[in-house]
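Build me a model from this:
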Amino acid sequence: MTSRRILVTAALPYANGDIHLGHLVEYIQTDIWVRFQRLRGNECRFFCADDTHGTAIMIRARQEGRSEEALIADVREKHIADFSGFNIEFDNFGSTNSEQNRKLCHEFWSALRDAGLVHEKEVTQLFDVQENTFLADRFVKGTCPKCGCADQYGDNCDKCGSTYTPADLTDPVSTLSNTTPEIRTADHLFVRIEDLHAFLEEWTQSGQHLQTEVANYLKGHFLGDPLRDWDISRPAPYFGFEIPDSPGNFWYVWFDAPIGYIASTLEWCEKNGEDFDKWWKNPETEVHHFIGKDITYFHTLFWPAMLKTAGFNLPEKVHIHGFLSVDGEKMAKSKGTFINAATYLNHLDPACLRYYYASKLGPRLDDLDLNLEEFIQKVNSDLVGKVVNLASRSAKFVANTGLSETYPEDGGLFEYAASRSETIAAAYEACDYNGAMREILALADRANKYVEDQKPWELRKDESRQTELQEICTIALNLFRQIIVYLTPVLPQLSEQTGELLNDPITNWDQAKTPLTGTAVNKFKHLFKRIEEKQVQAMTDEVKAEAEAADTEADASQWNDGGEALTQEPMSEECTIDDFVKVDLRVARIVAANSVPEADKLLQLTLSLGGNERRNVFAGIKSAYNPEELVGRLVICCANLKPRKMRFGISEGMVLASGPGGKDVFLLTPDEGAVPGQRVH
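So this is what the prediction gives:
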């Protein structure tokens, strides 16, 4: 079999949050496919990166009082730890904020410009006044203008599949501030991919690169009409790469994100002395993308158009999967089912989830449900009761003798399992992991029946039948090893343990075709633990506890503070202390108060101005007030004071007090009837 050169990518995780079990469907699916290709002897490299640009990163960094670079560096460490914990191994994990990505963005942009595909026009866009930013599609929610389904994002409807702009939504709301955005205009740059319509129709409908249902979806929803121009730029403020020939405008995150696949490859090539063109500009290299169905549009229309124009390899295949639900419902923190990768690893073996996902994943776009009760039963029954059981009931009986010098007669069991090799391989190749697991577990059933019939635990008591015992255990361990070879892409840790047990590392798929004989068998060590229901319960309880703590911290609704007053008299413009004559004084409620250990005089206060409006303030009143005495109290604050960066964080205002200082500090309190948000005149 001729070795293939394969470049594999998984969608880039956004550097604004933790990896959760929904994300892991894709990364586990991809890692299994990569490990399978390597086991088959193919040169297969796996590249990914953090997706680091865009409004959400900018806003979060601003809220946390640190730079975007500091934020994405922190998130990167967490992402890498999560992936490592689940045995997901990349050849390189890069960042879209790298110089390699900037360089490649310039190259792609020049190609699009040279091809005459770029033009400029005025765009009407939603603008969040409170956050002072134009809103990307993902930061607007509203009612779908086509089917009327509520709570839909600003680019497409989950229910009817329609695409639109955020301005088309009915009753749009900014997800950044939960306020109604304004409509504003700005000049944007567009890529005219309709010029590549014929190419895209041929590529998507060839039957080679996409699942049938994906090709049909594109043909029915997009390719039957002229393709709309792609809005490729965003005006400042925006965290990303500034467009070199359009100052003040930045490439939209969906332009530089997929280029991040190539940039991660380039970074790896530079580190390892590899020829970059061999991987992205050589037709003998297969490029395979693994993505979720929510980003089909970008990866099957815009991305191939970009690659074609810039002269890079087109994807050989885009493998698209469905969404994850837990216990039949959308993941929810309140129910303990929105589970982060790190939380899972606090309680359970990652191999359990890898196997469960493999047992559910097929080659189509079907959604996957993680039924926690079935999860426990399937892992315990399949991995412990059927697979590992083969080794635990035979290895200890040949710890002194080792395996037989020649492979004994087994009634055709090993030969039959070897004959299933290509069927199982074809299932892996097609991402039909569910089919592969069924084949493998059927082999485990046959092997377990053999062990049950031969009863080695009884033969060990008869000194005259020790040779027979050795032969039976040799057969059982070889059948076990065959199964583990087939499971190696899914369970790399168990594969490594098996190699150590039998003194023969599993490195090649064809090891399943030749029996292992005459080797020593090491002392049997526990290979896999059963899942206890209490472990899963503890995991979901941890998620619920985190959700409750977050709600308690954020919720000030116990005081029934509405936002009407603030709405009736909006905030004044930002001012400095020199502009104090323009100061905007407001009634506020202290909803949280904490000591600042590093400061002798300061308390950290969280002020509610009614509704969702909050201020973080550092006040020099520590000598006069205990923090617990302040929670719930109404005060007067300077609400439009320019935020000040301090050693302890950002101070976003000032509470008013009288008195000379020290213990003689008296907070100003409004009279009865005042409510948070009212302006002091």
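
After the helix or strand bottoming out on mean pLDDT in the chain, heading C-terminal, what element do we hit next?
For the chain, using mean pLDDT, DSSP states H and E, the weakest element among its helices and strands is helix 564-568, scoring a mean of 54. For helix 564-568, the succeeding helix or strand toward the C-terminus, using DSSP states H and E, is strand 585-595.

how close does Gln125 get to Asp187?
Distance of Gln125 to Asp187, computed by C-beta to C-beta, to the nearest Å: 11 Å. Backbone N, C-alpha and C define where each C-beta goes, glycine included.

Compare the two (neighbour count), which wins?
Neighbour count, other C-beta atoms under 10 Å: between Gln125 and Asp187, Gln125 has more, with 22 against 13.

So in that sheet, which strands flank the helix or strand where that one lies, and in what orientation?
Counting by DSSP H and E, the element that carries Gln125 is strand 118-128. The strands that strand 118-128 pairs with in its sheet are strand 133-134 (antiparallel), strand 182-191 (antiparallel) (by DSSP bridges).

For it, C-alpha coordinates in CSV please.
As requested, the backbone C-alpha atoms of strand 118-128 are provided in CSV (Å, rounded to 0.1, in the frame of the first residue of the first chain):
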residue,chain,number,x,y,z
VAL,A,118,-12.3,43.2,-3.8
HIS,A,119,-14.6,46.3,-3.8
GLU,A,120,-15.8,48.8,-1.3
LYS,A,121,-19.3,49.9,-0.3
GLU,A,122,-21.2,51.5,2.5
VAL,A,123,-22.7,49.1,5.1
THR,A,124,-25.5,49.6,7.5
GLN,A,125,-24.5,47.8,10.7
LEU,A,126,-25.6,47.4,14.2
PHE,A,127,-23.6,49.4,16.8
ASP,A,128,-23.5,48.8,20.6
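
What are the buried residues along it?
Using 16 or more other C-beta atoms under 10 Å as the burial criterion, the residues of strand 118-128 that qualify are 118, 123, 125-128.

so which of the strands paired with strand 118-128 gets nearest Leu641?
Judged by C-beta to C-beta, the one of these that comes nearest to Leu641 is strand 133-134, at 21.1 Å.

Now do the SS call for the most far-flung residue of the chain relative to its centre.
Taking C-alpha atoms, centre = their mean, the residue of the chain most remote from its mean C-alpha position is Ser464, at 58.9 Å. Ser464 carries the three-state label helix when classified by DSSP: H, G, I helix; E, B strand; the rest coil.

same check, this time on Asp18
Using three-state DSSP, the three-state assignment for Asp18 comes out as coil.

now do Ala305
From three-state DSSP, the assignment for Ala305 is helix.

Could you report the pLDDT at it?
According to the per-residue confidence, Ala305 scores 98 in pLDDT.

And for Glu182?
92.

before we move on, what about Ala399?
Per-residue confidence for Ala399 comes out at a pLDDT of 94.

quick one: contacts for it?
If you count contacts by C-beta atoms under 8 Å, 6 or more residues apart in numbering, Ala399 has them with 521-524.

What's the PyMOL line that selects buried ones from these?
The PyMOL command for the buried members of those (criterion: 16+ other C-beta under 10 Å) is given here:
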select buried, resi 521+524
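
so where's the stretch 451-600 of the chain uncertain?
Filtered on pLDDT under 70, the stretch 451-600 of the chain yields the residue ranges 552-572, 575-581.

Kindly report the same for the chain.
Counting by pLDDT under 70, the ranges of the chain that qualify are 1, 552-572, 575-581.

How far off centre is the one helix or strand Ile424 maps to?
Following DSSP H and E, the helix or strand that holds Ile424 is helix 421-429. Remark: helix 421-429 is offset 28 Å from the chain centroid, using C-alpha atoms, centre = their mean, to the nearest Å.
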